[in-house]
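A.B. asks: 3D, please:
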Amino acid sequence: MDNSVLDLVKGTPNILGQIYTDLAQPSVKAVGQALGTVFEFSTSFLLPVKLLNEKFKLNFKKRITEYEKKLEEVPEEKRCEVHPQIGTPIIEKLSYTTNDEIADLFTTLLANASNIDMVNTAHPSFVAMIERLSPDEARIIKYLKGRNDIQYCDFMGYSLDGKGYIDIRYHQTLLPQYVHLDFPQNVNAYLANLVSLGVLFDMAGTYRIDETVYNEIKRVYGFELLKEQLVPKSYKKIEAEKSYYQITDFGKLFIQFWNNFLSSL
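C.D. replies: Numbering: from 1, shown residues only. Now for the predicted structure:
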């Protein structure tokens, strides 16, 4: 093994010294104070050695710089040292995260963990949750700020013999109209993942009294046209079953830690 690598493995490498040329900058010092213990736990064999790779180093510096900017927004008297239980896995994830939306989630979680007023929103389970989010799902999380639910309609086609029915359109929402999605055709899979993460709960069988959103869903997805085309030729009738996804209390905490960071300073 190269001697420079051996030095990194045997010693306690200064992570910030590997990505910054001027450690005397106040902002860099602030990062060191907040992440000191985290970096001690992060000086495993892998991170210091990975930083020898220029491409890896540039990506990691970009993420630490993004965190640095968020930390600068926290008043000095509100800053605190990040607990390694949450900071260490975040640093590990940031070291290889290239997607900006996902990295933003990680750096905001790290910034919240550095703020005595926000540390309660930095739940350790969020680290694993963020890793399970796609960029589209991260955009949905942004959209959910200040909301309580996502309403949907199922367009149900009832058979001509009256013995059964099928979902012609399943869980149609207005999300693709309000959120830029790279793959809007996957929106139901995204919502199912947010349910599995505990952010949403499917309230199937119940519905909101206000018909405004449901009527808009029917308009956007051509409910009346669908009836004209398929009833009575293919189905006895087609109905729009109304329901919604409820944002859970845990989901609201997850949404809050990211979306409300700057407004809570």
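
A.B. asks: can you pull the contacts of the residue lying closest to residue 103 once chain neighbours are set aside?
C.D. replies: Closest residue in space to residue 103, ignoring its immediate chain neighbours: residue 97 at 4.7 Å, by Cβ to Cβ, 6 or more residues apart in numbering. The way it works is simple: take the backbone N, C-alpha and C, and place the C-beta from them, glycine included. With contacts defined as Cβ atoms under 8 Å, 6 or more residues apart in numbering, residue 97 is in contact with 59, 63, 103, 106.

A.B. asks: any idea how far residue 128 is from residue 97?
C.D. replies: 14 Å (Cβ to Cβ, to the nearest Å).

A.B. asks: Same check on residue 154?
C.D. replies: Residue 154 is 31 Å from residue 128, by Cβ to Cβ.

A.B. asks: Comparing the two, which residue is more hemmed in?
C.D. replies: Shown here are residue 154 and residue 128; by other Cβ atoms under 10 Å, residue 154 has more neighbours (17 against 11).

A.B. asks: which residues of the stretch 51-200 of the chain fall in helices?
C.D. replies: Applying DSSP state H, counting those that start in this stretch to the stretch 51-200 of the chain gives helices spanning 54-72, 84-94, 100-112, 125-131, 135-143, 175-178, 187-196.

A.B. asks: Could you name the helices and strands sitting against the longest one?
C.D. replies: In other words, helix 54-72. helix 15-19, helix 26-42, helix 46-50, helix 84-94, helix 100-112 (3 or more Cβ pairs under 8 Å, 6 or more residues apart in numbering; DSSP states H and E).

A.B. asks: What's the end-to-end length of stretch 144-161?
C.D. replies: Between the opening and closing residues of stretch 144-161 lies a distance of 42 Å (Cα to Cα, to the nearest Å).

A.B. asks: What are the buried residues along that stretch?
C.D. replies: Residues of stretch 144-161 classed as buried by neighbour count (16 or more other Cβ atoms under 10 Å): 144, 149, 150, 151, 152, 153, 154, 155, 156, 157, 158.

A.B. asks: Same check on stretch 99-113?
C.D. replies: 101-113.

A.B. asks: show me where pLDDT drops low in the chain?
C.D. replies: 1-13, 24, 42-46, 258-265 (pLDDT under 70).

A.B. asks: tell me, what residue is most central in it?
C.D. replies: In the chain, the centroid-proximal residue (Cα atoms, centre = their mean) is residue 138; its distance is 3.9 Å.

A.B. asks: Quick check: the nearest residue to that residue once chain neighbours are set aside vs residue 110, distance?
C.D. replies: Nearest-residue entry for residue 138: residue 101, 4.1 Å, with adjacent residues in sequence omitted and distances by Cβ to Cβ, 6+ apart. Using Cβ to Cβ, residue 101 is found at 15 Å from residue 110.

A.B. asks: Then residue 181?
C.D. replies: For residue 181 relative to residue 110 (Cβ to Cβ), the value is 26 Å.

A.B. asks: show me the contacts for residue 87.
C.D. replies: 35, 37, 38, 41, 110, 113.

A.B. asks: Pop out the phi and psi values for the residue of the chain positioned farthest from its centre.
C.D. replies: Seen from the C-alpha centroid of the chain, the residue lying at the greatest distance (Cα atoms, centre = their mean) is residue 161, 45.8 Å away. Per-residue torsions, residue 161: phi -90, psi 0 (degrees, to the nearest 10).
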